[in-house]
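In: Pasted the sequence and its predicted model underneath.
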Amino acid sequence: MGIDYIIATIIKIVIVMLVFSALAGFGTYFERKILAFMQRRLGPMSVGPYGILQIMADGIKLFTKEDIIPTSVVGKIFKIAPIITASTAFMAAATIPFWPDFTIFGYRVQPIITDSSVGLLYVIGVMAVGLFGVLLGGMASSNKYSLISAARSSAVFLSYEVITGLALLAPIMLVGSLSLVNFNAYQVGGISNWLVWKQPIAFILFWIAAFAETGRTPFHLIANDHEIIDGFGTEYSGMRWGLFFIGEYANMFFISFVIVLVFMGGFGDGSVLSALAFLGKVAFFFFFFLWTRAAWPDVRPDQLMWLCWKVLMPLAVINIVITGFVVMF
Amino acid sequence: MSIEQFKNRNISDDYYLVDIDDYPTTNLGKFTRVIKRTFKAELLVGLWVVMREMLKFNIHTVQYPKEKLPIGPRYRAVHEMKRLWESGTERCIGCGLCEKICISDCIRIDTRIDEESRKEVSEYSINLGRCIFCGYCAEVCPELAITHGGRYENASEQRAHFIMYDDMLTPMDMLKAGAQKEFEGFGAITPHEDESVKKTPLSY
């Protein structure tokens, strides 16, 4: 491990951090615009042409706002909770390849921070740690709505971790590796080689679980605005609240990358065209998060649990058993 | 329009009753309902509806400070004081009826006898902070001097701005350009009102 490897890794980390922090900002803009168009509105229009500079206005507002720590909260935990959410969201990016390998100035670049042999397990695990940001933030806030939100979030995250894990187990059995690069290599050679055709049930289950993991609309009851205000974020203001927000949006992007890499062929053979198609597929899955928010109602917490334990988990187990038989014989 | 058209209160003819199944009581019934609902793909219908609206791009937003909706002639916003068309003098003769009828006591009028021994309005003020915009002053005015205008944006830095008589009086250049709007009287209807009349849907 030479010095150039360390420098390259640091550069990659900085680029991923900067790109996805900016993308989280643009994500809010896209979300507002797309939701507005679907509801026959215009969305932000005032700051800049078509409101494109709204992100800057929001950023200035979030950064310059007073950092209010209410008197009755548990200060240290309250302060550290948003950092847990944001940092775990970005840590999950460490084993995700964002682009096929390319050569620049005679130096071969792998656009992945580390191609770990436990890549997928690491992504799922670190995303699950993100639960602690919400749980601790909600419990430290000394606000009953935050507490309800914390309780709900732990129930939802723990339940849907089961679905995520079991749904991914079947593709892992087929590929025989946990590295996302190997997943991509397994699916090289056109649309017919994509894992989604071999594992349609696992794909649907993982996709549903992704909505619960990121707390997006059909399962948005962690911070359900119309019944528990902003849930765990109720007492937060300024940049600490912004960190929760960045974490949520970064999670949406990263889970979109994971869905595409595992089921939809990833970046294929590594040509520029297939790499662009890769980004297009990721963009579709991100768009779908916004699309469902405009179209679908939220479910109740008990319906969510019903869906998880009585429908999705049995399906996931049956899927694993069938996959096991197919792999064996 | 014939009377039959009014008797049919349905706004559209393709009404039908939705066929709602009874709630399943057996476990098998519940299970089959879940299966049916799963494969009916009704979620996709919702997705299609919002996508259709996005592609149609039929935006209804009025970008308010830049665009404004037209306002009806009967709308009772900030008062206007009119001038006589020929001479340009103020129409108000200082009779004081508006001051008398004002139920929120916000009009103050003062008159004096001038050099030609004619009655002259020396002071006229409406406290718009108190005014409830009932429209009695405009209704009682014998000279059609005080009327209601359509200016409904009332934000200001000081209360004193709400009683400025000069703001309410038609400016001379506006009068010379013939832009002073005449009060059509109470009960005046909005232009093109007939076209927007719809049948009341009473069938539900």
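Out: Nice, thanks for sending it over. Numbers count the residues shown, from 1 in each chain, chains lettered A, B, ... in the order given.
In: where in chain A is pLDDT low?
Out: Counting by pLDDT under 70, chain A has low-confidence residues at A:1.
In: need the residues of it near chain B, please.
Out: Residues of chain A lying close to chain B (CB under 8 Å from any CB of the partner chain) are A:34, A:37-42, A:45, A:291-292, A:294-296, A:311. Heads up, the C-betas are built off the backbone N, CA and C, glycines and all.
In: can you map out the strands along chain B?
Out: Using DSSP state E, the strands of chain B run over residues B:79-81, B:107-113, B:119-126, B:146-148.
In: Is it possible to get CSV of those strands that adds mean pLDDT?
Out: Output for the strands of chain B, formatted as CSV (pLDDT from 0 to 100):
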stretch, mean pLDDT
strand B:79-81, 87
strand B:107-113, 90
strand B:119-126, 86
strand B:146-148, 87
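In: low-scoring stretches of chain B, by residue?
Out: Applying pLDDT under 70 to chain B flags the ranges B:1-12, B:185-187, B:201-204.
In: Could you check which helix or strand contains the spatially closest residue to A:Phe287 that is not a sequence neighbour?
Out: Spatially, and ignoring its direct neighbours in sequence, A:Phe287 is nearest to A:Ile34 (7.1 Å; CB to CB, 6 or more residues apart in numbering or on different chains). Using DSSP states H and E, A:Ile34 falls within helix A:3-38.
In: by contact count, what packs against that helix?
Out: The elements that helix A:3-38 packs onto, with contact taken as 3 or more CB pairs under 8 Å, 6 or more residues apart in numbering or on different chains; DSSP states H and E, are helix A:54-64, helix A:75-91, strand A:107-109, helix A:238-263, helix A:272-295, helix B:42-56.
In: out of those, nearest to B:Met81?
Out: helix A:54-64 (42.4 Å; CB to CB).
In: which other helices and strands contact that closest one?
Out: Packing partners of helix A:54-64 (3+ CB pairs under 8 Å, 6+ apart): helix A:3-38, helix A:238-263.
In: can you list the residues of chain B near chain A?
Out: Residues of chain B lying near chain A (CB under 8 Å from any CB): B:34, B:43, B:46-47, B:49-51, B:53-54, B:57-61, B:63.
In: switch to 10 Å and redo it
Out: Proximity of chain B to chain A, by CB under 10 Å from any CB of the partner chain, involves residues B:34, B:38, B:43-63, B:65-66.
In: Please pick the buried ones from the residues you listed.
Out: Listed as buried from these are B:47, B:50, B:53-54; burial here means 16 or more other CB atoms under 10 Å in any protein chain shown.
In: Which residue ranges make up each domain of chain B?
Out: Domain ranges of chain B: B:20-60, B:79-176, per automatic domain parsing.
In: wait, which of the ones you listed is closest to A:Ile68?
Out: Using CB to CB, these put domain B:79-176 closest to A:Ile68, at 29.3 Å.
In: Can you measure across the closest one, start residue to end residue?
Out: 20 Å (CA to CA, to the nearest Å).
In: Likewise for stretch B:165-181?
Out: Start and end residues of stretch B:165-181 are separated by 18 Å (CA to CA).
In: Can you give the contact residues for that stretch?
Out: The contact list for stretch B:165-181 (CB atoms under 10 Å, 6 or more residues apart in numbering or on different chains) reads B:73, B:78-85, B:88, B:90-92, B:121, B:123-126, B:128, B:145-147, B:149-151, B:161.
In: Produce a PyMOL select command limited to the buried residues of these.
Out: PyMOL command restricting the contacts of stretch B:165-181 to the buried ones, with burial defined by 16+ other CB under 10 Å:
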select buried, chain B and resi 78+79+80+81+82+83+90+91+92+121+124+126+128+145+146+147+149
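In: Emit the ChimeraX select command for whichever of the residues of chain A next to chain B are buried.
Out: Buried subset of the residues of chain A next to chain B, written as a ChimeraX selection, criterion 16+ other CB under 10 Å:
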select /A:34,37,38,42,45,291,292,294,295,296
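In: Tell me how far the residue nearest to A:Phe287 lies from A:Met328.
Out: Look at A:Ile34 and A:Met328: by CB to CB, to the nearest Å, they are 45 Å apart.
In: now do A:Ser271
Out: Per CB to CB, A:Ser271 is found 36 Å from A:Met328.
In: now B:Ile132
Out: With distances taken as CB to CB, B:Ile132 is found 84 Å from A:Met328.
In: Contacts only, for A:Glu161.
Out: Shown in contact with A:Glu161 (CB under 10 Å, 6+ apart): A:124-125, A:127-128, A:131, A:209, A:212-213.
In: Find the helix or strand that it is a member of.
Out: According to DSSP H and E, A:Glu161 maps onto helix A:144-175.
In: How about that helix, which residues are buried there?
Out: A:145-150, A:152-157, A:159-172, A:174-175.
In: how much does that helix deviate in direction from helix A:238-263?
Out: Orientation of helix A:144-175 against helix A:238-263 (axes from the mean of the first three to the mean of the last three CA atoms, to 10 degrees) gives an angle of 20 degrees.
In: Quick check: next helix or strand after helix A:144-175?
Out: Following helix A:144-175 toward the C-terminus (DSSP H and E): helix A:180-186.
In: Just give me how far that next one sits from the chain centre.
Out: Distance, stretch centre to chain centre, for helix A:180-186: 20 Å (CA atoms, centre = their mean, to the nearest Å).
In: Please apply the same query to stretch B:148-161.
Out: On the basis of CA atoms, centre = their mean, stretch B:148-161 sits 16 Å off its chain's mean C-alpha point.
In: can you give me the end-to-end distance of that stretch?
Out: 18 Å.
In: Would you map the helices across chain B?
Out: B:3-7, B:27-40, B:42-56, B:97-101, B:136-140, B:165-168, B:172-176 (DSSP state H).
In: closest one to A:Phe90 among these?
Out: Nearest to A:Phe90, of all those, is helix B:42-56, at 30.5 Å by CB to CB.
In: contact partners of the closest one?
Out: By CB under 10 Å, 6+ apart, helix B:42-56 touches A:34-40, A:218, A:288, A:291-297, B:37, B:41, B:59.
In: Same question for stretch A:139-154.
Out: Under CB under 10 Å, 6+ apart, the answer for stretch A:139-154 is A:70-81, A:130-138, A:212, A:215, A:219, A:221-224, A:227-236, A:301, A:304.
In: dump the residue contacts of B:Phe183.
Out: B:73, B:80, B:82, B:138, B:141, B:144-149.
In: please redo it, this time with the cut-off set to 8 Å
Out: When contacts are counted by CB atoms under 8 Å, 6 or more residues apart in numbering or on different chains, B:Phe183 touches B:82, B:138, B:144, B:147-148.
In: Please apply the same query to A:Lys281.
Out: A:260, A:264-265.
In: hmm, try it at 6 Å
Out: Applying CB atoms under 6 Å, 6 or more residues apart in numbering or on different chains, we find A:Lys281 in contact with A:260, A:264.
In: The residue lying closest to A:Met56 once chain neighbours are set aside: neighbour count?
Out: Leaving aside its sequence neighbours, A:Met56 sits nearest to A:Val47 (CB to CB, 6+ apart; 7.1 Å). A:Val47 has 14 neighbours, counted by other CB atoms under 10 Å in any protein chain shown.
In: helix, strand or coil for A:Val47?
Out: With DSSP: H, G, I helix; E, B strand; the rest coil as the basis, A:Val47 sits in coil.
In: isn't it right next to A:Gly59, touching?
Out: No: using CB atoms under 6 Å, A:Val47 is not in contact with A:Gly59; the gap is 11.2 Å.
In: For the stretch 51-200 of chain A, which residue gets nearest to chain B?
Out: Closest residue of the stretch 51-200 of chain A to chain B, CB to the nearest CB: A:Gly51 (11.0 Å).
In: I figured that residue hits A:Leu42, correct?
Out: No: between A:Gly51 and A:Leu42 there is no contact under CB under 6 Å: 8.2 Å.
In: For A:Thr103, give me phi and psi.
Out: phi -110, psi 130 (degrees, to the nearest 10).
In: Okay, and the beta partners of it?
Out: Per DSSP bridges, the residues bridged to A:Thr103 are A:Arg108.
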